[in-house]
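> Okay, predicted coordinates and the sequence, questions at the end:
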Amino acid sequence: MSGIKIIPVGGRSVYVEICKDISLECNRKVHALYYKLRELSGVEEVVPAYSSLLLIYDPLTIGYKDLRDKIEDLAAQEGVVELKPRKFKIPVVYGGEYGPDMKLVIEKTGLSEDEVIKIHTSKVYTCYMLGFTPGFVYLGDVDDRIAVPRLPTPRVKIPPGSVGIAGKQTGWYGVESPGGWVLIGRTPVVTFDPNRDPPSFIRPGDKVEFYRISEDEYREIREKSMKGEYEVKPE
Amino acid sequence: MMEVILPGLFSTIQDEGRKGYRTYGVPSSGALDPLSFRAANVLVGNKLNEACIEIIGGMFRFKALEDIVIAVTGGEAPVRVKGKVEKGWRPIFVEKGSIVDIMAPLRGFIIYLAVAGGISSDFVMGSYSTYTKAKFGGLKGEKVKKGDVLNLKAKVNAKEVWERVKDFEFPDNKRPSLPSPKDETSVRVTLGTHVDLFPESSIKTFFSEPYEITPESDRMGYRLKGTPITYPGGGRVTSFPLIEGFIQVPHDGQPIVLLADAQTVGGYPVIASVIPPDIPLVAHSRPGSRLRFTEVNRDEAEEEARKWLENLNSIAKL
């Protein structure tokens, strides 16, 4: 892997940029490196994002210069670690009160609600990363026909499970938070639970496919999921 | 164990924070001043990482519902027990029924209140720390409120603890340095992840102008105002991971120093990163006070981080 940028910042972290833009190919490299770097001694935490990752280390155990050599070595061994992504099917109720921006998407795209839903559910997405808030799942890439940009003014409060679109990205909120994504639906599944370890069953690199459910199904799954009696198993 | 009468501006249960969950979007949270936090526990004979109350800006009053041993560390805040002035950075025996006042700090801004036996609170992903934005940890993810009754985690005999710890005093030379509220505070940084995006003139501005802390600051980050730091482009880069100490520059050019509760990824370029010993120094600077950034090279930053961790580790051996 040539051309990666390795920048030490703040005395105990290293920023590794694999490439500049968002692409599945680049993201796959990030995840491969992420799983390898986690195993290094002296590395406290590795955080993957779209095209870069951040490594937090203990300078009492390892110095930056050694770390940089190791990062370069591991980055060069591309393909040695084979990622085994799992695939999850996530139920979503679309439109209405659950997807308050569905009207906006219809307006902007000229498609019908059924067409928007069909396009959104017809793709297997890749989880690029989780963050900025706990359990927020970033997926890509969205079909160009429904790639609607973020809202000009973010909402103050968005309920957990809300499924949105932001340009080429789709995904959902793990916890209640502010945010500017265009909301088209909501999943009843509790995907982020602070009392579970790990708190989210989706990991970076996993595959996600959405399927449409009715409001009744939403309520039924919601009730079970809140009680911890509903599990989404990987296929 | 205690009933809260005045909760202060923003008081939460904190420990050393949660490690290893950033991949799931969960920041570390934890004490903004780890050294003072640890010292408070040591002074009352607790384990190093026992849950304490972090009081931002002071003005905390409580009534002891039983005999307890406490210690107050961090900023220099006058402490009164039943009206009598007590010293910080020392254990204090508080009799049942006493009212304890932790006033606004004269220097520094963050205060730790440790109680022998620890404070009972929610343990989530390996930490008691409260993360109010996502409502978990500590007191059901909430800040401390008026009327809250806090309980001890473990039953302790306060008189026995007192006999054991009463002569403890925390050495002056190990305490964190605190900013003076009147002067500008010099904060050491390395260049950041996206320094390439900033023109030379903007970097010069960042290092030569003072930046004032605004009241919109919280545990996620301290928002600064001063001469805008401009850069070309729309103000966003591909979202990348963030940690405390990073200084983001949104498109308005007003920098934000990220702290323990910061979002785990973000899309504003980072011009610089505060080195570990100076992150608490920023946290202890109150709204209205001014920071001035000075650059250290990367080797120096790592060496300072090492020294800081060594000092922190040495606190176990008080």
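Received, thanks.

> Who's the closest spatial neighbour of A:Lys224, skipping the chain neighbours?
Leaving aside its sequence neighbours, A:Lys224 sits nearest to A:Tyr230 (CB to CB, 6 or more residues apart in numbering or on different chains; 3.9 Å). Just so you know, the C-beta spots here come from the backbone N, C-alpha and C atoms, and that holds for glycine as well.

> which SS state does that neighbour fall under?
coil (DSSP: H, G, I helix; E, B strand; the rest coil).

> Correct me if wrong: B:Ser11 contacts B:Ile56.
Yes. Between B:Ser11 and B:Ile56 a contact is recorded at 7.0 Å, counting by CB atoms under 8 Å.

> Identify the contacts common to those two.
Common neighbours of B:Ser11 and B:Ile56 (criterion: CB atoms under 8 Å, 6 or more residues apart in numbering or on different chains): none identified.

> residues in contact with the residue nearest to A:Lys224?
Contact partners of A:Tyr230, counting by CB under 8 Å, 6+ apart, are A:189-190, A:221, A:224.

> mind running it again at 7 Å?
Applying CB atoms under 7 Å, 6 or more residues apart in numbering or on different chains to A:Tyr230 gives the contacts A:189, A:221, A:224.

> In a strand, the last one, correct?
No. Residue assignment for A:Lys224, taken from three-state DSSP, gives helix, which places it outside any strand.

> what's the pLDDT at it?
A:Lys224 carries a pLDDT value of 97.

> State the distance from it to chain B.
In this view, A:Lys224 and chain B are 22 Å apart by CB to the nearest CB, to the nearest Å.

> swap in the second one?
A:Ile221 sits 22 Å away from chain B, going by CB to the nearest CB.

> before we move on, which element is that residue in?
With secondary structure defined by DSSP states H and E, A:Ile221 is part of helix A:215-226.

> residue boundaries of the strands in chain A?
All strands of chain A, identified by DSSP state E, fall at A:5-9, A:13-17, A:43-48, A:52-57, A:87-94, A:125-130, A:137-140, A:155-158, A:162-166, A:169-172, A:177-179, A:182-186, A:207-212.

> Out of those, which is closest to A:Pro100?
When these are compared by CB to CB, strand A:182-186 sits nearest A:Pro100, at 5.4 Å.

> just checking, what packs against that closest one?
Judged by 3 or more CB pairs under 7 Å, 6 or more residues apart in numbering or on different chains; DSSP states H and E, strand A:182-186 is in contact with strand A:87-94, helix A:102-109, strand A:162-166.

> got the residues of chain B near chain A?
By CB under 7 Å from any CB of the partner chain, the part of chain B that sits against chain A consists of B:19-26, B:124-125, B:134, B:136, B:190, B:192-193, B:238-241, B:243, B:245, B:263-266, B:273-276, B:298, B:301-302, B:304-306, B:309-310.

> which ones among those are found in strands?
B:190, B:240-241, B:265-266, B:273-274.

> With respect to pLDDT, which of those residues ranks lowest?
B:Gly266 (93).

> What sits closest to that one if chain neighbours are left out?
B:Leu242 (5.0 Å).

> Now for that neighbour, how many residues are close by?
28 (other CB atoms under 10 Å in any protein chain shown).

> How about the one 5 residues further on?
The criterion is other CB under 10 Å. On that basis, B:Ile247 has 28 neighbouring residues.

> pLDDT wise, what is it at?
The per-residue pLDDT reported for B:Ile247 equals 98.

> so where's chain A uncertain?
Within chain A, the set of residues satisfying pLDDT under 70 comprises A:1-2, A:78-83.

> In terms of residue numbering, what are the domains of chain A?
What automatic domain parsing lists as the domains of chain A is A:5-76, A:87-226.

> Adding distance to B:Leu106, write those domains out as TSV.
Putting the domains of chain A into TSV (distance: least, CB to CB, whole Å) gives the following:
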stretch	distance to B:Leu106
domain A:5-76	30
domain A:87-226	36
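
> Those domains into TSV, with extra columns for mean neighbour count?
Shown next, in TSV, are the domains of chain A (neighbours: other CB atoms under 10 Å in any protein chain shown):
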stretch	mean neighbour count
domain A:5-76	19
domain A:87-226	19
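
> Ok, which of those comes nearest B:Asp183?
Smallest distance to B:Asp183 across the domains of chain A (CB to CB): 24.1 Å, for domain A:5-76.

> near chain B, anything from that closest one?
Yes. Counting by CB under 7 Å from any CB, chain B is contacted by domain A:5-76 at A:7-13, A:15, A:20-22, A:44-45, A:47-54, A:56, A:59-60, A:63-64.

> How many neighbouring residues does B:Val274 have?
Close neighbours of B:Val274, defined as other CB under 10 Å, add up to 29.

> quick one: contacts for it?
Applying CB under 7 Å, 6+ apart, we find B:Val274 in contact with A:10, B:187, B:189, B:245, B:247, B:257, B:282.

> Which of the residues you listed has the largest number of neighbours?
Going by other CB under 10 Å, A:Gly10 tops the contacts of B:Val274 with 31 neighbours.

> Now that residue: closest residue in space, sequence neighbours ignored.
Sequence neighbours aside, B:Ser273 is the residue nearest to A:Gly10 in space, at 3.3 Å (criterion: CB to CB, 6+ apart).

> That neighbour and A:Gly95, how far apart?
44 Å (CB to CB, to the nearest Å).

> And B:Val85, by the same measure?
Distance, B:Val85 to A:Gly95, using CB to CB: 64 Å.

> can you list the weak-confidence ranges in the stretch 151-300 of chain B?
In the stretch 151-300 of chain B (pLDDT under 70), the answer is B:234.

> which ones are touching the closest residue to A:Asp144 other than its chain neighbours?
Excluding the flanking residues, the one nearest A:Asp144 by CB to CB, 6+ apart is A:Lys168, at 7.9 Å. A:Lys168 makes contact with A:140-142, A:147 under the criterion CB under 7 Å, 6+ apart.

> Contacts only, for residue 133.
Assuming you mean chain A. A:174-175, A:177, B:25, B:134, B:263.

> actually it's chain B I care about, not the one you picked
B:Lys133 makes contacts with B:Asp261, as judged by CB under 7 Å, 6+ apart.

> now it: how far from A:Ser177?
Relative to A:Ser177, B:Lys133 is positioned 7 Å away (CB to CB).

> B:Lys87 too?
According to CB to CB, B:Lys87 stands 42 Å off from A:Ser177.

> And for A:Glu17?
Distance from A:Glu17 to A:Ser177, by CB to CB: 27 Å.

> Then A:Lys227?
24 Å.

> what's the answer for B:Pro276, then?
Using CB to CB, B:Pro276 is found at 28 Å from A:Ser177.

> residues contacting the residue nearest to A:Tyr64 when sequence neighbours are not counted?
Take A:Tyr64 and drop its neighbours on the chain: the residue closest to it by CB to CB, 6+ apart is A:Pro8, 4.8 Å away. For A:Pro8, the contact set (CB under 7 Å, 6+ apart) comprises A:14, A:64, B:298.

> end to end, how far does stretch B:221-239 reach?
The first residue of stretch B:221-239 is 18 Å away from its last residue (CA to CA, to the nearest Å).

> Show the contacting residues for B:Gly221.
Counting by CB under 7 Å, 6+ apart, B:Gly221 makes contact with B:256-259, B:262.

> Inside strands: which ones of those residues?
Among those, the ones falling in strands (DSSP E) are B:256-258.

> closest to A:Arg68 out of the strands of chain A?
strand A:5-9 (5.5 Å).

> quick one, the closest one and strand A:52-57 angle?
Interaxial angle of strand A:5-9 relative to strand A:52-57 (axes from the mean of the first three to the mean of the last three CA atoms, to 10 degrees): 40 degrees.

> ok, so what distance separates A:Pro178 from A:Ser162?
Separation of A:Pro178 from A:Ser162 (CB to CB): 12 Å.
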